[in-house]
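*Asks:* The following comprises the amino acid sequence and a computationally predicted model.
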Amino acid sequence: PDILPRFYPLDTVAVFAAADAIVERRRWIVLDRRQPLNADDFGRIEAVAQTFLFGFKQDVVVRVAPEGEGTLVDMRSVARSGNHDLGAGAERIREFFRDLDTALQGLGATPDS
């Protein structure tokens, strides 16, 4: 229940760039990337992440969309195998948003979740 979309008072191009840098730094395998062309456009990253323990694969989607005077970011992470990921997907999302909050803070953004 603590995992909700986040609003950042920045344009989608800047937020997408920060999100994309986090994906690259984590070395997720990017399957599809749609970069926003301008501040009124949306972006999407589809990737595969692996758990540290046992290397289980998880499908990850990060979406950035214009929302009023800023950008709304939402994310999902789903295990490819098994019925339950023991909380790995939720923790991946929490960590991603912590990193995104930190990355965007330097640009004057404070998340409003």
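*Replies:* Perfect, I can see it now.
*Asks:* which outside residues touch the biggest helix by length in the chain?
*Replies:* Assignment by DSSP state H gives helix 88-105 as the longest helix of the chain. Applying C-beta atoms under 8 Å, 6 or more residues apart in numbering, the external contacts of helix 88-105 come out as 2-3, 6, 8, 10, 14-15, 18-19, 21-22, 49, 51, 56, 58, 60, 62, 73, 75-79, 111. The C-beta positions use only the backbone N, C-alpha and C, and glycine is treated the same way.
*Asks:* Would you list the buried entries among these?
*Replies:* 3, 6, 8, 10, 14-15, 18-19, 22, 49, 51, 56, 58, 60, 62, 73, 75, 77, 79 (16 or more other C-beta atoms under 10 Å).
*Asks:* Sitting in helices, which of those do you find?
*Replies:* Using DSSP H, those in helices are 14-15, 18-19, 22.
*Asks:* Give the buried residues for the longest helix of the chain.
*Replies:* Quick answer for helix 88-105 (16+ other C-beta under 10 Å): 88-89, 92-93, 96-97, 99-101, 103-104.
*Asks:* Let me have those residues in a markdown table, adding distance to residue 68 and pLDDT as columns.
*Replies:* Below are the buried residues of helix 88-105 laid out as a markdown table (distance: C-beta to C-beta, whole Å; pLDDT from 0 to 100):
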| residue | distance to residue 68 | pLDDT |
| --- | --- | --- |
| 88 | 33 | 78 |
| 89 | 28 | 83 |
| 92 | 28 | 90 |
| 93 | 23 | 94 |
| 96 | 23 | 96 |
| 97 | 19 | 95 |
| 99 | 24 | 95 |
| 100 | 19 | 96 |
| 101 | 19 | 94 |
| 103 | 21 | 93 |
| 104 | 16 | 93 |
